[in-house]
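K.L.:
Give the three-dimensional model of this entry:
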Amino acid sequence: MKRARSLRLLLLSLVLLSPGGVLTGCRTPGVAPAPPPPRGRPAPRPLARPVQAVWVARFHYHGPDDVRTIIANCAASGFNTVLWQVRGEGTVAYPSRLEPWSREYNFQNPGFDPLAVAVAEAHKRGLRIEAWFNVMPGWKGLTPPPIAGQLYHAHPDWFMYDAGGQRQPLNKDYVILNPCRPEVRRHIARVVDEIVSRYDVDGIHLDYVRYAWDGAPHAKRSFPRDSKTLALHQHETGRSPDADPAAWDHWRANQLTRLVHDIRNTINRRRPGATLTAAVWRDPYVGYRDYLQNSVAWLRAGLVDAVMPMAYTEKPGQFEADISAYRQLAPGRRVVPGLGIYMHRDGETMRTQLWQCAGWGGDYALFSYESLFPTAGDRNAAPQARADAQRARHVRREVLGELHPR
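P.N.:
Numbers count the residues shown, from 1 in each chain. Got it, this is the predicted structure:
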């Protein structure tokens, strides 16, 4: 009981920003040290210096030849890290005992293991590979999942509910799980455990590790207000949400921190030496204010090895401001700039941002692979759209080649 109370107090102190913008303590709540890697299993490759990464989304690949082609192109383009998406919306792209196959495979086993092929191909070419993992999304779209075993049907109580007992409505964006519920955090940690126990990935890469309630009006005020969440909040803080809105925000943010903490410990236990990185909101202040994402605290506390701010913009000043905010708040920690090259309508924008990254030490992550090469999605595109995409891709590859001359 004393240890549990101590953990609660540490978590409650793990706040990045007060309403006035004052930085507070960022101590880690009892992260288990990583033991040495087990004999007979390849040790994970450490975080590269510099990180030169690319995001490969779940809809970029379909068959085993797609996987092999993607990894070969990544290696030939000078990348050293592949962020390979394995979980998107409460569905996965590997054979799982916990969640169904993704809609990209029509919720059925495609007859091969995409993650196993990707890991083998990446390591054959000397690349690091991190399993990219959408954390809080439970489903996406205007219609429910067509299979009964998906979380939306199997665990409806795990989703966000308002004070009137209404679940976050389906929309064009994600409906999300409720990280304030311990059973949700346990499930997500179990999925991570499944991946790092079975695959020689070099790390886990978290995405949407925030209250990603973009598609719901007034979501921050409305969710979650189910009776179990309110009872947990009352028990741990002695307050009600409306009596102290700032404390309510801090407490909800800390439930995400508990989840990141649990994932970190799971990795350290099951895949010692593997890294934990996170794609985070472009601006740390906005990320905390709007989505209760306490990413700088995670970085400063050592819960994550690096953050990758999604500074997706064509404005050089905005890009520099976003990345500089993280670098100033977490000096000496790894901040890997995320470039939204899909937005760059000319090579000069991409070139400028990459050279800015070079000035910060050379770390970068590009979103995404399909902005550089054709993907499985191109097969159904109209000829003119494919031709336009190829011209833009050629320009971006030319710019990337300036940084990595072959």
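
K.L.:
C-alpha from now on. contacts and neighbour counts both.
P.N.:
Noted.

K.L.:
Enumerate every residue touching the residue positioned nearest the centre of the chain.
P.N.:
Nearest to the mean C-alpha position of the chain, by CA atoms, centre = their mean, lies residue 207 at 1.4 Å. Residue 207 makes contact with 132, 133, 134, 135, 278, 279, 280, according to CA atoms under 8 Å, 6 or more residues apart in numbering.

K.L.:
Backbone dihedrals for it, both of them.
P.N.:
Backbone geometry at residue 207, expressed as degrees, to the nearest 10, gives phi -140, psi 160.

K.L.:
For the lengthiest helix in the chain, give the mean pLDDT please.
P.N.:
Scanning the chain for the helix with the most residues, using DSSP state H, yields helix 245-270. On average, the pLDDT along helix 245-270 is 98.

K.L.:
what's the helix or strand for residue 174?
P.N.:
Mapping residue 174 onto the secondary structure by DSSP states H and E places it in strand 171-176.

K.L.:
got any ranges where this structure has weak pLDDT?
P.N.:
Within the chain, the segments meeting pLDDT under 70 span 1-39.

K.L.:
Could you pull out the helices in it for me?
P.N.:
Going by DSSP H, the chain shows helices at 2-13, 64-76, 114-124, 151-154, 182-198, 219-222, 227-237, 245-270, 284-291, 295-301, 316-329, 347-359, 383-403.

K.L.:
what packs against the longest helix of the chain?
P.N.:
helix 2-13, helix 182-198, strand 275-280 (3 or more CA pairs under 8 Å, 6 or more residues apart in numbering; DSSP states H and E).

K.L.:
just the CA coordinates of stretch 385-397, formatted as PDB?
P.N.:
Extracted in PDB, the C-alpha atoms of stretch 385-397 (Å, rounded to 0.1, in the frame of the first residue of the first chain):
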ATOM      1  CA  ALA A 385      -2.400  10.500 -60.100                       C
ATOM      2  CA  ARG A 386       0.400   7.900 -60.300                       C
ATOM      3  CA  ALA A 387       2.300  10.000 -62.800                       C
ATOM      4  CA  ASP A 388       2.000  13.100 -60.600                       C
ATOM      5  CA  ALA A 389       3.000  11.200 -57.500                       C
ATOM      6  CA  GLN A 390       6.100   9.800 -59.300                       C
ATOM      7  CA  ARG A 391       7.300  13.200 -60.400                       C
ATOM      8  CA  ALA A 392       7.000  14.500 -56.800                       C
ATOM      9  CA  ARG A 393       8.800  11.400 -55.500                       C
ATOM     10  CA  HIS A 394      11.600  11.800 -58.000                       C
ATOM     11  CA  VAL A 395      12.300  15.400 -56.700                       C
ATOM     12  CA  ARG A 396      12.300  14.300 -53.100                       C
ATOM     13  CA  ARG A 397      14.700  11.400 -53.800                       C
END
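
K.L.:
now that stretch, how far from the centre of its chain.
P.N.:
27 Å (CA atoms, centre = their mean, to the nearest Å).
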